[in-house]
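[1] what's the 3D shape of this:
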Amino acid sequence: MQSVLTGRAPAPVPHVRDREDFALRGLILCPDCDKPVTASRSTGKLGNKFGYYRCHRVKGHMNVGAGTIEAAFIELLERLVPKPERMALIKRVFAKCGTDGDRQRGLRRCHTNEN
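    Numbers count the residues shown, from 1 in each chain. Predicted structure coming up:
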């Protein structure tokens, strides 16, 4: 309390919404209510931290370990390999839209071009 009165209190730390350790937060929907889930860490009995993706709207909805969700996501990505005949089209689109390194401007350019 004294440090606050003298003006030497530590600066408050802002809340970080997009943490790298929960990359899928907000992208996964709760299977019960179809709302985006959040993620957090829980501390076990021995002090170990465990990540979970959970629905915070209703108790009893989704509450799944981060390792389980992330492993299933990686498995899904590995199955989503484009067919060889589509790769030529994908390469043309990326060559047209993203050659300057500015992805946002490149995507806007692709969406505004009609040809």
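[2] what's the model's confidence in the one helix or strand I74 maps to, averaged?
    I74 is located in helix 66-79, with elements delineated by DSSP states H and E. Here helix 66-79 scores 92 as its mean pLDDT.
[3] Show me what that helix is packed against.
    strand 49-54 (3 or more C-beta pairs under 8 Å, 6 or more residues apart in numbering; DSSP states H and E). Every residue, glycine included, has its C-beta placed from N, CA and C.
[4] Could you list the buried residues of the strand it packs on?
    For strand 49-54, burial by neighbour count (16 or more other C-beta atoms under 10 Å) applies to G51, Y52, Y53, R54.
[5] my read: the third one touches A39, true?
    So the one you mean is Y53. Yes: Y53 lies in contact with A39 (C-beta atoms under 8 Å); the separation is 4.9 Å.
[6] shared neighbours, the two?
    Counting by C-beta atoms under 8 Å, 6 or more residues apart in numbering, the common neighbours of Y53 and A39 are F22, L24, R25, A66.
[7] List just the nearest of the residues you listed to A88.
    If you rank these by distance to A88 using C-beta to C-beta, L24 comes first, at 30.7 Å.
[8] Now do the SS call for the closest one.
    Three-state assignment for L24 (DSSP: H, G, I helix; E, B strand; the rest coil): coil.
[9] neighbouring contacts of stretch 67-77?
    Residues outside stretch 67-77 that contact it (C-beta under 8 Å, 6+ apart): A23, L24, I28, G51, Y53.
[10] Can you dump the C-alpha atoms of the helix or strand where E85 lies in PDB for me?
    Applying DSSP H and E as the criterion places E85 in helix 84-97. Extracted in PDB, the C-alpha atoms of helix 84-97 (Å, rounded to 0.1, in the frame of the first residue of the first chain):
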ATOM      1  CA  PRO A  84      -2.500 -32.400 -57.100                       C
ATOM      2  CA  GLU A  85      -4.800 -31.000 -59.800                       C
ATOM      3  CA  ARG A  86      -5.700 -28.100 -57.400                       C
ATOM      4  CA  MET A  87      -2.100 -27.200 -56.600                       C
ATOM      5  CA  ALA A  88      -1.600 -25.300 -59.900                       C
ATOM      6  CA  LEU A  89      -4.600 -23.100 -59.100                       C
ATOM      7  CA  ILE A  90      -3.500 -22.500 -55.600                       C
ATOM      8  CA  LYS A  91       0.000 -21.600 -56.700                       C
ATOM      9  CA  ARG A  92      -1.400 -19.100 -59.300                       C
ATOM     10  CA  VAL A  93      -3.600 -17.500 -56.700                       C
ATOM     11  CA  PHE A  94      -0.800 -17.000 -54.200                       C
ATOM     12  CA  ALA A  95       1.600 -15.800 -56.900                       C
ATOM     13  CA  LYS A  96      -1.000 -13.200 -58.000                       C
ATOM     14  CA  CYS A  97      -2.000 -12.000 -54.500                       C
END
